[in-house]
Every structure is written in structure tokens, then in C-alpha cells.
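Engineer: next comes the sequence, and after it the predicted model I'd like to discuss.
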Amino acid sequence: MKLSRRLLQMLNIAALVAMLAAVYAALVMAPDALNVDPAIRPAQRVIYFHVPSAWSSMLAFFVAFVASILYLVTKHIRWDIWARAASELGIAFTVAAIVSGSLWAKPAWNTYWTWDPRLTTYTIVLLLYIAYFMLRGAIDEPGRRARMAAVYGIFAFLSVPLTFMSIRWWNTIHPVIVDAPENAGKFGLGPNMLNAFMIVNIAFIIMFTALLANRIALGWAEERMDALKERLNF
Amino acid sequence: MRRYFQVAWAVLWKDLRIELRTKDIFTSMAVFAVLSLMIFNFAFELRIPDKTVVIPGVLWVAIIFSGVLGLGRAFISEKDRGSMAGLLLAPVDRSAIYLGKMLASLLFILVMEAFLLPLMVIFFNTNFISLPLLLVLFLGTLGFAAVGTVFSGLAVNTRTREVLLPVLLFPVMLPVLMAGIRATIGFMEGDTLVDMMKWINLLLFFDIMYLVVAYMTFDFVVEE
């Protein structure tokens, strides 16, 4: 799917609007969290950045996983470009989630980092995809690079679901927001907070789509440049 | 079907014969495993009140670290001797080659573990070996060998080769390692097999999944 320039521009504008709405939702629309200590109420708003970042990273790794499978099935360069673009975005969103989480953890847990299983597994996910790019960097021949990266991309994703499973397998101090009725009183969101939460999540998905489309377009440009260099013996 | 296992057996037997003659892999794995025990002892000696609490971690880290040495050889030795092409040109199902290679690596690591476990019992002065623990060790090693064999094939295609293997392998091994260590801790604290079933199920789940995915992707890894 090669997007036309016009469509790409529209997507970019949509992402900008969505992110402005997200800023409004997170800072103005969402009320203070009354059930947490007043001192950390401002910090609690990091949830509107942290959670969508984490979800976007999972979405990115899922796209990379599907693209990796499609590459092995079709051997079409398009899916290699997709897998690389999505993995890169996944790393960016993972870093965003880890950094924003740390900033919240300092006031809430009184430490930037703790060896909680969920934090640890998520950081290992980051290392997984750094290893993915190390693998890519260590192979010169494009066809082979794409093939090896696709195999690794499939294995890498298989360990990602564990990040989410770990919260149930192991005791964790990480708050559970979705799908945990027993925590509803402690960490659940009020109606207005939920609306804001939904807006930021949708906004992040739009932004993710726009970034992915741009990165894929860039990938095609790189591809064309490599072909040109080859032709000119550069 | 019979032919398939004959091929796998032939590859396994070939690797075993090479190993029996050179003893390259076993020696390096065993020496490395003992070395890591010594280093762990230095690291923990003065700071941990009870050495037995570190046994599960030391055991698994020693296995993973020395196992990766053996796994690295699986395809690098073939490539160096130029026998890789011969192996791939053989008119057989490539997944049978994977199966043979995987079983050989599994066997090497299991032998290394059989050497390591009694030593650990002596050094830590605690008999922690039990049947459930051996089961967990086997399941963990199976997952390790299943992924490790494919990644050994990946790494051999890269410029950095064996340097890259641990970087690729360790993060993917995390679920297996985590379940293995958790179950080992449980058994050492006197939990029964039933108590630890969720970790064993997790191990089984990842073993099967990794084996299936390895089986399906191996062809792409060795393709020229």
C-alpha cells in the first residue's frame, strides 16, 4: 500500500488534531483523581500518556509480527519495510512508556525504578527489539537480512504477551486499570476520567498510524535510493 | 515418516560422533559452568546469609550461560568446515535436519547439566535435586535448545556470529527462564508438583510454541 502524498498529509493533520485533543483531554477535561493522595494528583495525569504509549508499543510490535509473517509467506520487500517501520515505532513508544512510568513512580512509589516483574519484562521487550535491529545491522545482503529479521520478529513477539500475563501470574505492584474488578475501588477511573482516557487512546492510535505511514514512505524512499546507488555504482 | 526420523537420527549421530572424537563442546561448556559457579561463590559469599537461597538463580544462569556456548557451535562448525552446503544439498526435509541438530544440542546441554548438578550439591552442601526439579530442568532445556538451534542458524549468517547469539537468545528465553527459576524456588521451599503446575504449564506452553515456530521457520533461516 503506497499512500499518495495527499493522503499522507491528511493523516498527518488528523494526528495533529487528535494529539491537541489528547492534550486537552488529559490536562483540562480529566478531573483530579480524588482517591489518590493530593501530593501525587498532578503526577497521576501521566496515565494519559503512559498507558496509550504502552498500548501503542504493543500495537506496533503486533504490526511488526504480522508483517514478519507476511514477509516469509510472500517474500515481498513491502513487508520487510513494514516490519522495520513498526519495530522502530515500537521501540520509541516503549521508551516513552518506561520514561513516563518512571516519572510517575518517583512520587507514587518513591523510586524511579523497581524490579517489579511487569517493569522487568517490559524492559526486556525493549531489549528484544534492540536485538532485532542489531541482527539487521549485522547482515549486509538485503534479502537475507529481511528473512532473518522476519524469523526473529516472530520469535520476539511471542514473548511480548508475557508482559501482560505476568501481571496475573506474579504479584505485581503495577496498577491494573483494565479488566480488574477487584481493583476497581483502588485504581479504577471515574466516568469523566474514562472519557479522557478513551480520547487519548484513540488519539495515540491515530498518531501511531500517521507515524507508521510516514516511516513506511521513508522506507520506500530508502529502497529507491539504494537501487539508484547500485545503478550508479556509488 | 520413518525416513524423516532416519534423517534426524543421521544428523544427530553425526554430531554425536564429532563430539565424541573432539569433545570440544562438552569441555568448554563444563569448564565454563564450573567457572561460573566459582564466580557466583565469590560474588555471594560474604553478603548472603544463606547460600541456598541463590541456588535456583545460580543453577539457571550457569546452564543458560554455558549452554549458549554449545548452541553457538551447532551451525558455526558446519559453516567453518564448509559442510553446511552439503547438509543443505541433501535431498531431505530441512526440518528433519533441524530436529537432528536440536536433539544434539539438547543432549549436549543435558549432559552438561548432569555434570553440573552433583557439583552444585557438593559446593552448596545441600541436596536440592528432586524428580520434579529434573522435569523442570528438562522442559527448560528443551525450550532453550529449540530456540537456540534456530538462532544459532540466524547468528551464523551475520558478521558478528557467536557474539550476537546471546543477545538474540536471552531476551526470547525470558519466559522459559522465569518459569524455570520460579518452579525451582518452589521445589526448594518444599512445594509439590501440583503447587507448581502453573509454572510447568507455562514451560510446556512455551516449549510447544517455540518448537512449532522453530519447525516452521527453520527453512527460511538456512535458505541460501
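Structural biologist: Structure's in. What do you need?

Engineer: number of residues surrounding A:A85?
Structural biologist: A:A85: 24 surrounding residues under other C-beta atoms under 10 Å in any protein chain shown. C-betas here are computed from N, CA, C, even on glycine.

Engineer: what residues are up against it?
Structural biologist: A:A85 makes contacts with A:L212, A:R215, A:I216, A:L218, A:G219, as judged by C-beta atoms under 8 Å, 6 or more residues apart in numbering or on different chains.

Engineer: so which residue of chain A comes closest to chain B?
Structural biologist: For chain A and chain B, the shortest gap (C-beta to the nearest C-beta) falls at A:A138, measuring 3.6 Å.

Engineer: pretty sure that residue contacts B:R159?
Structural biologist: Yes - counting by C-beta atoms under 8 Å, B:R159 is a contact partner of A:A138 at 4.9 Å.

Engineer: give me the more crowded residue out of these two.
Structural biologist: The residue with more neighbours, out of A:A138 and B:R159, is A:A138; 20 against 10, by other C-beta under 10 Å.

Engineer: do you know how far the more buried one is from B:F75?
Structural biologist: A:A138 sits 15 Å away from B:F75 when distances are taken as C-beta to C-beta, to the nearest Å.

Engineer: do A:N12 as well
Structural biologist: 45 Å.

Engineer: neighbour-wise, which of those two wins?
Structural biologist: Comparing A:N12 with B:F75 by other C-beta under 10 Å, the one with more neighbours is B:F75, at 24 against 15.

Engineer: for the helix or strand hosting the more buried one, what is the average pLDDT?
Structural biologist: Element membership of B:F75 [criterion: DSSP states H and E] is helix B:55-81. Mean per-residue pLDDT for helix B:55-81: 89.

Engineer: tell me the buried residues in that helix?
Structural biologist: Applying a neighbour-count criterion of 16 or more other C-beta atoms under 10 Å in any protein chain shown, one finds B:55-56, B:58-78 buried in helix B:55-81.

Engineer: biggest helix in chain A by residues?
Structural biologist: With DSSP state H setting the assignment, residue counts place helix A:191-232 as the longest helix in chain A.

Engineer: how far away from the center of its chain is the helix or strand bottoming out on mean pLDDT in chain B?
Structural biologist: The weakest-scoring helix or strand in chain B, judged by mean pLDDT, DSSP states H and E, is helix B:84-89 (a mean of 85). Taking C-alpha atoms, centre = their mean, to the nearest Å, the mean C-alpha location of helix B:84-89 is offset from the chain mean by 24 Å.

Engineer: and that helix, what's buried?
Structural biologist: B:M84, B:L87.

Engineer: need the CA coordinates for it. PDB is fine.
Structural biologist: Extracted in PDB, the C-alpha atoms of helix B:84-89 (Å, rounded to 0.1, in the frame of the first residue of the first chain):
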ATOM      1  CA  MET B  84      26.800 -26.600   5.600                       C
ATOM      2  CA  ALA B  85      26.300 -26.700   1.900                       C
ATOM      3  CA  GLY B  86      26.500 -30.500   1.900                       C
ATOM      4  CA  LEU B  87      23.900 -30.700   4.600                       C
ATOM      5  CA  LEU B  88      21.500 -28.400   2.800                       C
ATOM      6  CA  LEU B  89      22.000 -30.100  -0.600                       C
END
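
Engineer: other SSEs contacting it?
Structural biologist: Packing partners of helix B:84-89 (3 or more C-beta pairs under 8 Å, 6 or more residues apart in numbering or on different chains; DSSP states H and E): helix B:55-81, helix B:94-124.

Engineer: coming back round to it: between the contacts of A:A85, which sits nearest A:L158?
Structural biologist: If you rank the contacts of A:A85 by distance to A:L158 using C-beta to C-beta, A:L212 comes first, at 21.7 Å.

Engineer: could you find the closest non-adjacent residue to B:R3?
Structural biologist: Distances taken as C-beta to C-beta, 6 or more residues apart in numbering or on different chains place B:V92 nearest to B:R3, at 8.0 Å, with adjacent residues excluded.

Engineer: angles on the backbone of the one you found, please.
Structural biologist: Main-chain torsions, B:V92, degrees, to the nearest 10: phi -130, psi 160.
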